[in-house]
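> got a predicted model here, sequence first, then my questions.
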Amino acid sequence: MRHVTDDERRARLAVRHALAPPYRVGTPEAATEAITALHATEAASVSLSCWARVDGFELTDLDRALYEDRSLVKQLAMRRTLFVFPRDLLPLVWSSASARVATAERARITKGVVKVGITTDGERWLKEARTQLLALLAATPDGCTTADVRAAVPMVDVKVELSAGQTFTASGVLTLLSLSGEIVRGVNTGRWFTSRHRWTLMDRWLGETAPPPPSATDGYRELVRRWLHSFGPGTEDDLVWWLGSTKSAVRTALQALDAVEVSLDGGATGWLLPDDVDEVGDPGPWVALLPVLDPTVMGWKGRDFYLGPHREQIFEIRGNAGTTAWADGRVVGCWVQDGDGVVRVSLLEKVSARTRQALDAEAVRLTQWLAGQRIGTPYATPAMKAARAM
């Protein structure tokens, strides 16, 4: 059995995720392909993830891809997380990861409206809500905000308590329709670091009728294939966590892909695509500053090979990753901004003078790119809080 060391996994990460300078890419589309999908829960992170991977990146580059060419599309999927996907991947996501989340979301809504006494038939209520929402969006070429929907369709302007104290109003039904690919988060009416989108019909947004979704098995197989190319080698547990799926779905996909077993440091078994078993060479020294919830730091369940002892400092209590400072494939700290918007790197371990100099230079580059704009987040980690207090 081929053995892949942690050193090689870090080298693969540098190359496949377009982070080492020689391997950076030229467009947001290429950056998204490199890591399968961009995390979009935090609006600013989409741009900052591209900035770290695209040479000469400008905000207009991402606006073109998202809102003009629409070659990248926002879609809620794995683990009920908002992602930016390459357009061609959408039907495969709808039938697999998104469909799994939609099943749970549908049950919560239909049970919730019955529980609070809005209706005695949750399925019938949801069917009518869907009909009215789609009719509204069909009659509104420029799309609608969630507030517009609540005003125009009173039946969804309700508040239902879900588990863990969560509630939904119109946004719950809109979320469900987006999971199935019927509607999409369209134009953002706010600035690049905020999310104030207008909902619109998916077919209208894409300019064509979406093809019928393939089977869930086909969808999962393609997601697993792309994940293995970007993140492999990874374990079965890594894939189950990332997909928010079942072991059965993952094992079926691995078998269909003829994935190859490899041994990993620490004794775990990982998987690679059959045409990707050759060793990846050392990409040379590199550093990177990645944003909150960047796909690289969130890509695996087993994170010791790049986090070392820093997991509790880099992740907040809900399991969300904060900003990270990387050196040669390992997280060595985080970054924050001061009151003037200047980026400062805060280390969690000692690094060489050369590495510290490179990280400081990257902080200057990011400061210049942000041009005084401060980026807030609800996902401040212990490392970030300590850095801000310094």
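That came in fine, so what should we check first?
> tell me the domain ranges of the chain?
91-206, 308-389 (automatic domain parsing).
> out of those, nearest to residue 251?
Set against residue 251 and scored by CB to CB, these come closest in domain 91-206, at 14.5 Å. C-betas here are computed from N, CA, C, even on glycine.
> show me where the stretch 1-150 of the chain has its helices.
Using DSSP state H, counting those that start in this stretch, the helices of the stretch 1-150 of the chain run over residues 6-16, 28-34, 43-51, 59-63, 90-95, 97-115, 122-138, 146-152.
> hang on, the earlier thing: export the domains of the chain as JSON lines, with columns for mean pLDDT.
Shown next, in JSON lines, are these (pLDDT from 0 to 100):
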{"stretch": "domain 91-206", "mean pLDDT": "91"}
{"stretch": "domain 308-389", "mean pLDDT": "96"}
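> quick one on the thing from earlier: for the helices of the stretch 1-150 of the chain, which one ends up most surrounded?
Using mean count of other CB atoms under 10 Å, the stretch among the helices of the stretch 1-150 of the chain with the largest mean neighbour count is helix 43-51, at a mean of 25.
> mean confidence score for that one?
For helix 43-51, mean pLDDT is 97.
> and residue 288, that's in a strand?
Yes: the assignment for residue 288 is a strand, going by DSSP: H, G, I helix; E, B strand; the rest coil.
> contacting residues around the closest residue to residue 299 other than its chain neighbours?
Closest residue to residue 299 apart from its sequence neighbours, by CB to CB, 6 or more residues apart in numbering: residue 231 at 4.8 Å. For residue 231, the contact set (CB atoms under 8 Å, 6 or more residues apart in numbering) comprises 16, 36, 238, 242, 299-300.
> how much space between residue 231 and residue 128?
Using CB to CB, to the nearest Å, residue 231 is found at 42 Å from residue 128.
> residue 158 now?
Counting by CB to CB, the gap from residue 158 to residue 128 is 13 Å.
> kindly report the same for residue 113.
For residue 113, the distance to residue 128 (CB to CB) stands at 11 Å.
> mind checking which helix or strand the closest residue to residue 109 other than its chain neighbours is in?
Residue nearest to residue 109 in three dimensions, not counting chain neighbours: residue 172, with 5.4 Å by CB to CB, 6+ apart. Element membership for residue 172 (DSSP states H and E) is helix 170-179.
> ok now that helix, how far from the chain's centre?
Relative to its parent chain, helix 170-179 has a centroid offset of 18 Å by CA atoms, centre = their mean, to the nearest Å.
> same question, stretch 346-358
The answer for stretch 346-358 is 28 Å, by CA atoms, centre = their mean.
> repeat that for stretch 148-155.
Once both centres are worked out by CA atoms, centre = their mean, stretch 148-155 turns out to sit 29 Å from its chain's centre.
> contacts for it next, please.
With CB under 8 Å, 6+ apart as the test, stretch 148-155 has contacts from 125, 128-129, 132-133, 136, 140, 144, 156-157, 169-170, 174, 199.
> what does stretch 39-52 give?
Around stretch 39-52, the neighbours that count as contacts under CB under 8 Å, 6+ apart are 19, 28, 31, 35, 38, 57, 59, 61-62, 74, 81-84, 188, 190, 192-195, 288-295, 298, 366, 369, 375, 377, 379.
> please spell out the PyMOL selection for the buried subset of those residues.
To isolate the buried subset of the contacts of stretch 39-52 in PyMOL, counting by 16 or more other CB atoms under 10 Å, use the following:
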select buried, resi 19+28+31+35+38+57+61+62+74+81+82+83+84+188+192+193+195+288+289+290+291+292+293+294+295+298+366+375+377+379
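> roughly how far does the residue sitting furthest away from the middle of the chain sit from residue 110?
Distance from the centre of the chain peaks at residue 120, with 37.0 Å (CA atoms, centre = their mean). According to CB to CB, residue 120 stands 11 Å off from residue 110.
> ditto for residue 300
Residue 300 is 35 Å from residue 110, by CB to CB.
> for residue 136, same thing?
Taken as CB to CB, the span from residue 136 to residue 110 is 21 Å.
> what's the answer for residue 382, then?
As judged by CB to CB, residue 382 and residue 110 stand 39 Å apart.
> ok, and what's touching whichever helix or strand comes after the helix holding residue 172?
On the C-terminal side of helix 170-179, the closest following helix or strand by DSSP H and E is strand 183-188. Defining contact as CB under 8 Å, 6+ apart, one finds that strand 183-188 is touched by 43, 66-67, 73-75, 82, 133-134, 137, 142-143, 174, 177-178, 194-202, 205.
> buried ones in strand 183-188?
By neighbour count with 16+ other CB under 10 Å, strand 183-188 contains the buried residues 183-186, 188.
> for those residues, which one is nearest residue 267?
Residue 267 has its nearest neighbour among the buried residues of strand 183-188 in residue 185, at 42.5 Å by CB to CB.
> all strands for this protein, in order.
Taking DSSP state E as the test, the strands found in the chain are 3-4, 38-39, 72-76, 82-86, 160-161, 167-168, 183-188, 197-201, 260-264, 269-272, 287-290, 324-327, 330-337, 343-347.
> ok, which of those strands comes nearest residue 227?
Across those, closest to residue 227 is strand 269-272 (CB to CB), at 9.7 Å.
> tell me the two of the contacts of stretch 148-155 that are most distant?
Maximum distance among the contacts of stretch 148-155 (CB to CB): 22.6 Å, for 125 and 140.
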